[in-house]
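Asks: Got a predicted model here, sequence first, then my questions.
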Amino acid sequence: MNYVIILVVLFFTACTSHYPSLKTVEQVDIKRYSGTWYEIARYEHFFEKGCSDVNATYTLKKDGDIEVLNQCMKPDGLSRAKGVAYAVDKTNAKLKVSFFRPFYGDYWILMLGDNYEYALIGEESREYLWVLSRTPAMDESLKEKIVTKLPEFGYGTEKLLWTKHSK
């Protein structure tokens with residue numbers, strides 16, 4: 001019986017994150033957040049492999065959900081993915097996003113410019129990360145400010161892939 005208890009404890013210990021809880025911004029005005037964002041940097045994943053000129057457009061729907069349109073240029077042409085998102089709580093800082101319902105992923109706003117000019121997006125496992133801007137280019141000092149903060153959120157800088165924009 002003791003072995004069963006030990007195995008259960010080990011299982012649940014292995015399943016818990018070794019990172020502290022991820023802190024988001026305090027409040028997000030979804031209407032201000034809506035619009036087009038350009039990806040400045042990301043952690044690479046299969047669904048964005050080979051992408052340049054990446055942008056995402058968020059549109060607030062009448063029912064309170066958010067329509068999401070992700071676009072990028074791949075070697076064989078324009079790639080688009082349409083999805084939907086919704087806020088998890090009243091802060092609007094934690095969203096659930098789906099491109100393949102019923103499966104949803106976390107989209108947490110970790111940093112946000114005072115004028116909604118940039119955003120840092122991540123999630124609890126630290127597997128996904130995006131640096132976003134309202135323009136295809138970002139000032140080097142702002143990039144440095146964001147990159148310097150990444151370790152505070154439990155993210156490393158070595159996996160950052162800087163997105164190329166033709167504009």
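Replies: In hand now; what should we look at?
Asks: And the pLDDT for residue 15?
Replies: Residue 15 carries a pLDDT value of 42.
Asks: what's the closest non-adjacent residue to the spatially most central residue of the chain?
Replies: In the chain, the centroid-proximal residue (C-alpha atoms, centre = their mean) is residue 121; its distance is 3.4 Å. Once flanking residues are discounted, residue 121 sits nearest to residue 130: 4.3 Å by C-beta to C-beta, 6 or more residues apart in numbering. Any C-beta I mention is one placed from the backbone N, CA and C, and that applies to glycine too.
Asks: Report whether that neighbour is found in a strand, as I expect.
Replies: Yes. Residue 130: assigned to a strand according to DSSP: H, G, I helix; E, B strand; the rest coil.
Asks: So it is in contact with residue 45, correct?
Replies: No. Counting by C-beta atoms under 8 Å, residue 130 stays clear of residue 45, with 10.3 Å between them.
Asks: In terms of neighbours, single out the busier of those two.
Replies: Neighbours were counted for residue 130 and for residue 45 using other C-beta atoms under 10 Å; residue 130 has more, 20 against 12.
Asks: ok, now how distant is that one from residue 41?
Replies: Counting by C-beta to C-beta, to the nearest Å, the separation of residue 130 from residue 41 is 7 Å.
Asks: same thing with residue 133?
Replies: Using C-beta to C-beta, residue 133 is found at 10 Å from residue 41.
Asks: What is the least confident helix or strand in the protein?
Replies: helix 2-15 (a mean of 34; mean pLDDT, DSSP states H and E).
Asks: Count the neighbours of residue 165 for me.
Replies: Here the count is done by other C-beta under 10 Å, and residue 165 has 17 residues near it.
Asks: quick one, what contacts it?
Replies: Going by C-beta atoms under 8 Å, 6 or more residues apart in numbering, residue 165 touches 38, 52, 53, 136, 137.
Asks: For the nearest residue to residue 60 once chain neighbours are set aside, what are phi and psi?
Replies: Of all residues not flanking residue 60 in the chain, residue 34 sits nearest, at 5.0 Å (C-beta to C-beta, 6+ apart). Note on residue 34: backbone dihedrals following degrees, to the nearest 10 are phi -60, psi 160.
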